[in-house]
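Peer 1: A predicted structure for the sequence below; I have some questions about it.
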Amino acid sequence: MTEDTPSTTAVSAPVATVRGQPFVQLPSDLYIPPQALEILLETFSGPLDLLLYLIKKQNFDILDIPVAEVTRQYMHYIELMQVLEIELATEYLVMAAVLTEIKSRLLLPKPVLPQSADEADPRAELIRRLQEYEQIKQAAYELDQLPRQGRDIFLAMAQAELGALPRCDDETRPPLDLEDLVAALQSVLTRAALTTHHAIAQEPLSIRERMSQILHRLSTENRVEFTGFFTPNEGRMGVVVTFIALLELWRQALIELIQTKPYAEIEVRTR
């Protein structure tokens, strides 16, 4: 009994959990394709990110990089990516060539130079790029930790019922959107196209005369709906002339085009 207890415990332990259901034994007809197993490595945004990771992982001094050891680890990582059939970017191969060049320059015998002339360190340019990348990466991390609207902070919003909205006065009325005005014109044009009849001749329509007619009507009425100035029997030409007359009066600040609330009828009144 005592000897069988460990084996019984090992067998009863589930080998997998699928949709909350534990499986103690693998199915006998289970087929695992050769490419089904994937090893997820740490992702890097570029060759400098990979180099910085290798340097910090081994606690190397960034100002005194052991190029040989870093190059060996870098090439090992690239070979692993190729074995796992991970697509390599061109920048990784370029950095491998740069590391190889630096390593070869460090292995070459140094020429005898005068004391006043010092040979530049082949690692200097790479160290400068790594330091700049480390600063940018740290700044990006600190910015990402700041509270962000939509991720950490959510604005509380409430929409009132349309019937409970108060009527806007002249000071608080929202500005009229030009798209709403064009939409109102389009609706009038559509209705005018449905009632247009063939005419032998048309009397010329004057924009100035239509402007006078609009002002005369507004002198007797306080407010008139925007669509109330259009006569479908005049056809498309009459709609265009009336619309241009309204725009001209609006440009000259003789009339106002107002909309008391969203999706409401556009109204016209004198200033």
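Peer 2: Thanks, I have it.

Peer 1: any low-confidence regions in this structure?
Peer 2: Applying pLDDT under 70 to the chain flags the ranges 1-12, 15, 30-43, 83-89, 111-119, 159-174, 194-203.

Peer 1: where along it do the helices fall?
Peer 2: In the chain, the helices defined using DSSP state H lie at 4-12, 47-57, 67-83, 90-107, 124-145, 178-194, 207-220, 235-251.

Peer 1: Would you mind measuring from residue 187 to residue 13?
Peer 2: Distance, residue 187 to residue 13, by Cβ to Cβ, to the nearest Å: 72 Å. Where C-beta positions appear, they are placed from N, C-alpha and C, glycine not excepted.

Peer 1: Looking at these two, which is more packed in?
Peer 2: Higher neighbour count among residue 187 and residue 13: residue 187, with 12 against 9, using other Cβ atoms under 10 Å.

Peer 1: Touching, the more buried one and residue 227? I think so.
Peer 2: Yes - counting by Cβ atoms under 8 Å, residue 187 touches residue 227, with 7.3 Å between them.

Peer 1: what's the overlap in contacts for those two?
Peer 2: Common contacts of residue 187 and residue 227 (Cβ atoms under 8 Å, 6 or more residues apart in numbering): none found.

Peer 1: Turn the helices of the chain into JSON lines, columns for distance to residue 264.
Peer 2: Formatted as JSON lines, those follow (distance: least, Cβ to Cβ, whole Å):
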{"stretch": "helix 4-12", "distance to residue 264": "71"}
{"stretch": "helix 47-57", "distance to residue 264": "56"}
{"stretch": "helix 67-83", "distance to residue 264": "62"}
{"stretch": "helix 90-107", "distance to residue 264": "58"}
{"stretch": "helix 124-145", "distance to residue 264": "43"}
{"stretch": "helix 178-194", "distance to residue 264": "9"}
{"stretch": "helix 207-220", "distance to residue 264": "19"}
{"stretch": "helix 235-251", "distance to residue 264": "18"}
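
Peer 1: how about those, which one is nearest residue 265?
Peer 2: Smallest distance to residue 265 across the helices of the chain (Cβ to Cβ): 8.1 Å, for helix 178-194.

Peer 1: Can you name the residues in contact with the closest one?
Peer 2: Here helix 178-194 has contacts from 226-227, 230, 232, 234-236, 238-239, 243, 257, 259, 266, using Cβ under 8 Å, 6+ apart.

Peer 1: switch the cut-off to 7 Å
Peer 2: Here helix 178-194 makes contact (Cβ atoms under 7 Å, 6 or more residues apart in numbering) with 226-227, 230, 232, 235-236, 239, 243, 257, 259, 266.

Peer 1: try stretch 224-238
Peer 2: By Cβ under 7 Å, 6+ apart, stretch 224-238 touches 184, 188-189, 191-193, 195-196, 202, 205, 214, 217-218, 239, 242, 246, 257, 265-268.

Peer 1: burial of residue 243, as a residue count?
Peer 2: 21.

Peer 1: nope, residue 228 is what I meant
Peer 2: Neighbour tally, residue 228, other Cβ under 10 Å: 13.

Peer 1: next one: residue 138
Peer 2: Neighbour tally, residue 138, other Cβ under 10 Å: 10.

Peer 1: can you tell me which residues contact residue 67?
Peer 2: Here residue 67 is in contact with 99, 102-103, 106, 123 (Cβ under 7 Å, 6+ apart).
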